[in-house]
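Visitor: Please find the sequence and the predicted model below.
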Number of protein chains: 2
Amino acid sequence: MTSSTLFRRELQVLNVGPATFADDLRAQNAKVTQVNWKPVAGGNPELLRALLSLDEASIDRANEEALNRYLAGEPYLIDYRLAIDVIPGMEDHMLLHAGPPIEWERMCGPMKGAVMGAIIFEGWAKTPEEAAAYAASGKVKFAPCHEHDAVGPMAGVIAPHMVVSVFENRRFGNRAYCPVPEGMGGKLLRYGAYSQEVIDRLHWIQTEYLEVLRAALAESDGGIDTKSLQFQALHMGDEGHNRNKAGTSMFLRAIAPLMMKSGLAAEKVLPVYDFINGNDGFYLSISMPTSKVTLDPSNGVKGSSMVTAMARNGVDFGIRIAGLPGEWFTGPAQMVDGLYFPGYGDEDANPDMGDSSITETAGLGGFALSGAPAIVQLVGGSAAQGVEISKRMYEITIGENMNFSQPVLNFRGSPTGIDIRKVVETGILPKITTGSVHKLPGEGQIGAGITNPPLECFEKALLRFAEVYGR
Amino acid sequence: MTSSTLFRRELQVLNVGPATFADDLRAQNAKVTQVNWKPVAGGNPELLRALLSLDEASIDRANEEALNRYLAGEPYLIDYRLAIDVIPGMEDHMLLHAGPPIEWERMCGPMKGAVMGAIIFEGWAKTPEEAAAYAASGKVKFAPCHEHDAVGPMAGVIAPHMVVSVFENRRFGNRAYCPVPEGMGGKLLRYGAYSQEVIDRLHWIQTEYLEVLRAALAESDGGIDTKSLQFQALHMGDEGHNRNKAGTSMFLRAIAPLMMKSGLAAEKVLPVYDFINGNDGFYLSISMPTSKVTLDPSNGVKGSSMVTAMARNGVDFGIRIAGLPGEWFTGPAQMVDGLYFPGYGDEDANPDMGDSSITETAGLGGFALSGAPAIVQLVGGSAAQGVEISKRMYEITIGENMNFSQPVLNFRGSPTGIDIRKVVETGILPKITTGSVHKLPGEGQIGAGITNPPLECFEKALLRFAEVYGR
């Protein structure tokens, strides 16, 4: 029996590190458990030096301050206005766009289309050809939305006479702005469409939509508390980025009685109500500026390595850091990993685009995916995978956001406040739920899935951070 | 080594059946795995004979027919009317109540209070004392809501001049009726309150609420499709019994534009909109009659052992069976197992009450709990327990309802169509999420939790079923 016992004892190996050792052992019928240990910061000596140069305790304190500023925010939707009348630094012949800075020549197809549409809308040119020539002429000043307290979905183009929502953070007094969503489908400026119907819709928003929403908000008690809406929506299957049906519903519950109180005729109010009611994704235009207006007060917290923005222009992915205000750290925008609508494939897709990843920066989207099982199928996964994605994000974040509690995680607050140190140390990248957009202007959304920033953004940010704050 | 190997081999036992054997073995340090096997039908020979007397295949076919009738239903909210004008068989001096038949003398406190309130509301008596005497005088004809195509929450009292919603099943042409929810809190007729504010609110519903809702529904295209509302709400954290925030939101999204179109002044419409908007539980008054109007066409399917109603009057729990139309099978209403609001305890609680368990009968509530993680805390459990409760219900149901798909179960349809045979065979009882009500009239809700029918209902139903259909 002794020998048979010995014979039956299998070789069991715990392999830590490179998986090739495990593969070799498995080839010899050994039972191998692979531990996914990775060397810190990928073993890169420059990054390791940067990490070691930082005083952990003081950065932790700064991050706590940055996170607390964010958590203390009191976001309110207070108005809708023309961009030129409210956005700081907005000028005539200026166009804002999503993501980090980019010039006309380097823009992707959908962003170029959106710029052309905006030029036609503003009347700076009449035809698409003239608009493209005008964009290339140097007469247009381009700037990122983020540098003007704004955020824009997809191409994120904001022209001076477009309507934007106005959000105020009552705790800190700062404001943020976001374009009005044009609805669902392909023929939308945010996907780079510039046909007459697109321009007409923008003019309708500029007149009838603006009149009704301004009149409604004037009936509110200083605005609509959008933190409360978000809190509720996260218990109703939303994650605040790609699933916004509950948020849209809660917003409609809040705005409908204000519309009724406005004194405007039903014929005026109804088309605007129906316009919002017909777009379950409307609330993204609330969750994005809510995230922006609550994250911005953390910018400028000295010594904080917390990410305050993640944004993509369809070519570059850029991040901004609390302790390095005004700077961008960029790398190539990634493709979206998920499912395409029938008839589309990888060859049609543009890389990841838009400012909407401000929601993940705020602890929503991929960071709150556990609460949105109905969307995981759309992005190609299971409910259980959604929960795992959310849980993983605790490894790269500073704290937990009890305003965004997650019922399936026994009401644990969502992982919030991405720390560039933790991302570089672990190699775990923030997960972003997102739409996939066609690379040709105006074709629209062609799928949805999960994506992430390139690690490069975080590595560059860390090196610069160590340069400023390292010993 | 041989002996030491032997020495270390522990006794391992798999115990099937009575757990006392396992306990004895554990006392001797043996490792015992207890398998929760129970003898079929608790080993009761009478029930076993009843089960064996039934032709399985023909009953399965009948159940498929009964379930398909239910699944094919097309429920629409089409109107609000006075009960006397629409409920079949409703007479002056008749009061409908929740649950199986019960006379005044046997009614529980909250139901007595509601009856007294209804008598005062109708003007049959002026004071509570007069109302109680009137109720006992034999002048009032009592009948279950269910016997008049209606359902009522909690006490479920419907008086001739109260307002009820009118639901139509377009597929089969039958109708169902349900009282208008009075709001949240204690001073409500459904909890047995009969003070002046309760009566005043019922009069307000009879006049202003009725006018606005009728005018709004007249603007709809033949009514509001409530199956669609329910489908959506189940992907938004509702389970359709105790969590109805999403359903309420979706209903408001549908009714608000109809209110605007009605041509009524904002001063008329706004109080009614606010009344609904202020009650996240409003949608229970949609999910209950939607369940009733879609289940009723299964009544009368010969040979079907499917449950078509579960209802409680606060004293008795009663069920009705598709193949035994018009009959009730009852047992004692159970206590609610969950959490009490601060200051209340078991000694304050009335046994389980109301027709709202029609939602579980339809595959909602406890049967769809996997999709409502935000409510499990209220009923004293975890999200994982909610999922387990939903999953267990597949063992006692006939099929799966794809109109009620459950995202966290990878969109599997909710377990639907309770089969009395399976309940008796397995001893697994339907799980019902419910509110716990104070046993004194008008004190209101004092907690929430999970409850179930007594097994007795199903045993009695099975014996009668075998009497009618057995070989």
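Guide: Alright, I've got the coordinates. Just so it is clear, the structure is predicted and the values come from calculations on it, not from any experiment.
Visitor: what secondary structure does residue A:92 sit in?
Guide: Here residue A:92 is recorded as coil under DSSP: H, G, I helix; E, B strand; the rest coil.
Visitor: Would you confirm that it contacts residue A:85?
Guide: No - here residue A:92 does not reach residue A:85: they are 12.0 Å apart, not a contact under C-beta atoms under 8 Å. Every C-beta, even on glycine, is put in place using the N, C-alpha and C of the backbone.
Visitor: Which positions in the stretch 201-350 of chain A make contact with chain B?
Guide: Residues of the stretch 201-350 of chain A lying close to chain B (C-beta under 8 Å from any C-beta of the partner chain) are A:232, A:235-237, A:245-246, A:249-250, A:252-253, A:256-257, A:259-261, A:263, A:266, A:269-270, A:273-274, A:277.
Visitor: among those, which ones are buried?
Guide: A:232, A:235-237, A:245-246, A:249-250, A:252-253, A:256-257, A:259-261, A:266, A:269-270, A:273, A:277 (16 or more other C-beta atoms under 10 Å in any protein chain shown).
Visitor: which residue is nearest the middle of chain A?
Guide: Centroid-nearest residue in chain A, with C-alpha atoms, centre = their mean: residue A:357, separated by 1.1 Å.
Visitor: nearest spatial neighbour of that one, skipping sequence neighbours?
Guide: Of all residues not flanking residue A:357 in the chain, residue A:310 sits nearest, at 4.2 Å (C-beta to C-beta, 6 or more residues apart in numbering or on different chains).
Visitor: what's the distance between the one you found and residue A:321?
Guide: According to C-beta to C-beta, to the nearest Å, residue A:310 and residue A:321 sit 11 Å apart.
Visitor: picking up where we left off before, thought the residue nearest to the centre of chain A was touching residue A:434?
Guide: Yes - under the criterion of C-beta under 8 Å, residue A:357 makes contact with residue A:434 at 7.3 Å.
Visitor: quick one: common contacting residues for the two?
Guide: By C-beta atoms under 8 Å, 6 or more residues apart in numbering or on different chains, residue A:357 and residue A:434 have these common neighbours: A:241, A:365.
Visitor: Can you give me the domain boundaries for chain A?
Guide: Taking automatic domain parsing as the reference, chain A has its domains at A:2-37, A:45-69+A:299-469, A:72-291.
Visitor: returning to what we had before: among the buried ones among the residues of the stretch 201-350 of chain A next to chain B, which are located in helices?
Guide: Among these, DSSP state H puts A:232, A:245-246, A:249-250, A:252-253, A:256-257, A:259-261, A:266, A:269-270, A:273, A:277 in helices.
Visitor: Show me the contact partners of stretch A:179-186.
Guide: By C-beta under 8 Å, 6+ apart, the list of residues contacting stretch A:179-186 reads A:80, A:152-153, A:156-158, A:162-165, A:188-190, A:193, A:198, A:201-202, A:205, A:209, A:275, A:278-282, A:284-285, A:438, A:442-445.
Visitor: where does the nearest residue to residue A:231 once chain neighbours are set aside land in three-state SS?
Guide: Leaving aside its sequence neighbours, residue A:231 sits nearest to residue A:403 (C-beta to C-beta, 6+ apart; 5.4 Å). The three-state assignment at residue A:403 reads strand, by three-state DSSP.
Visitor: before we move on, back to that, give me the more crowded residue out of residue A:310 and residue A:321.
Guide: Higher neighbour count among residue A:310 and residue A:321: residue A:321, with 29 against 25, using other C-beta atoms under 10 Å in any protein chain shown.
Visitor: So what's the predicted local confidence for the closest residue in space to that one that isn't next to it in sequence?
Guide: Distance criterion C-beta to C-beta, 6+ apart; nearest residue to residue A:321, sequence neighbours excluded, is residue A:461 at 5.4 Å. At residue A:461, the model reports a pLDDT of 98.
Visitor: which SS state does residue A:461 fall under?
Guide: helix.
Visitor: burial measure for it, as a count.
Guide: The local packing of residue A:461 (other C-beta under 10 Å) involves 26 other residues.
Visitor: can you check residue A:63 too?
Guide: Residues near residue A:63, counting by other C-beta under 10 Å, number 24.
Visitor: List the contacts of the helix or strand where it lies.
Guide: According to DSSP states H and E, residue A:63 maps onto helix A:56-71. Taking contacts as C-beta under 8 Å, 6+ apart, the residues outside helix A:56-71 that touch it are A:172, A:294-295, A:297-298, A:301-306, A:308, A:322-323, A:362, A:398-399, A:401, A:403, A:416-417, A:419, A:421, A:469.
Visitor: now these: which count as buried?
Guide: If you count burial by 16+ other C-beta under 10 Å, the buried members of those come out as A:172, A:294-295, A:297-298, A:301, A:303-306, A:308, A:322-323, A:362, A:398-399, A:401, A:403, A:416-417, A:419, A:421, A:469.
Visitor: Looking at these, which are in strands?
Guide: A:308, A:398-399, A:401, A:403, A:416-417 (DSSP state E).
Visitor: Any chance of a markdown table for those residues, columns distance to residue B:107 and pLDDT?
Guide: Listed next are these as a markdown table, based on distance: C-beta to C-beta, whole Å; pLDDT from 0 to 100:
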| residue | distance to residue B:107 | pLDDT |
| --- | --- | --- |
| A:308 | 63 | 98 |
| A:398 | 58 | 98 |
| A:399 | 54 | 97 |
| A:401 | 49 | 95 |
| A:403 | 46 | 93 |
| A:416 | 53 | 97 |
| A:417 | 57 | 98 |
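Visitor: if we can go back for a sec, is it true that the residue nearest to residue A:357 lies in a strand?
Guide: Yes - Residue A:310 sits within a strand when classified using three-state DSSP.
Visitor: Sketch out the low-pLDDT regions of the stretch 101-250 of chain A for me.
Guide: A:186 (pLDDT under 70).
Visitor: Helices along that one, start to end?
Guide: A:109-122, A:128-136, A:196-204, A:210-218, A:226-233, A:245-261 (DSSP state H, counting those that start in this stretch).
Visitor: Would you check how far apart residue A:258 and residue A:204 are?
Guide: The value you get for residue A:258 to residue A:204, if C-beta to C-beta is used, is 20 Å.
Visitor: Between these two, point out the one with more neighbours.
Guide: Taking other C-beta under 10 Å, residue A:258 and residue A:204 do not tie; residue A:258 has more neighbours (18 against 15).
Visitor: Contacts only, for that one.
Guide: A:216-217, A:219-220.
Visitor: buried sites along stretch A:315-333?
Guide: Buried residues in stretch A:315-333, counted by 16+ other C-beta under 10 Å: A:315-324, A:328-331, A:333.
Visitor: picking that back up, dump the contacts of residue A:258 into CSV; add neighbour count as well.
Guide: As requested, those are arranged in CSV below (neighbours: other C-beta atoms under 10 Å in any protein chain shown):
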residue, neighbour count
A:216, 24
A:217, 22
A:219, 14
A:220, 18
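Visitor: Show me which of these is closest to chain B.
Guide: Taking C-beta to the nearest C-beta as the measure, residue A:219 is the one of these closest to chain B, at 10.4 Å.
Visitor: which phi and psi does that closest one have?
Guide: Note on residue A:219: its backbone torsions stand at phi -90, psi -10 [degrees, to the nearest 10].
Visitor: I'd like to check the angle between the helix holding residue A:63 and helix A:226-233, please.
Guide: 90 degrees (axes from the mean of the first three to the mean of the last three C-alpha atoms, to 10 degrees).
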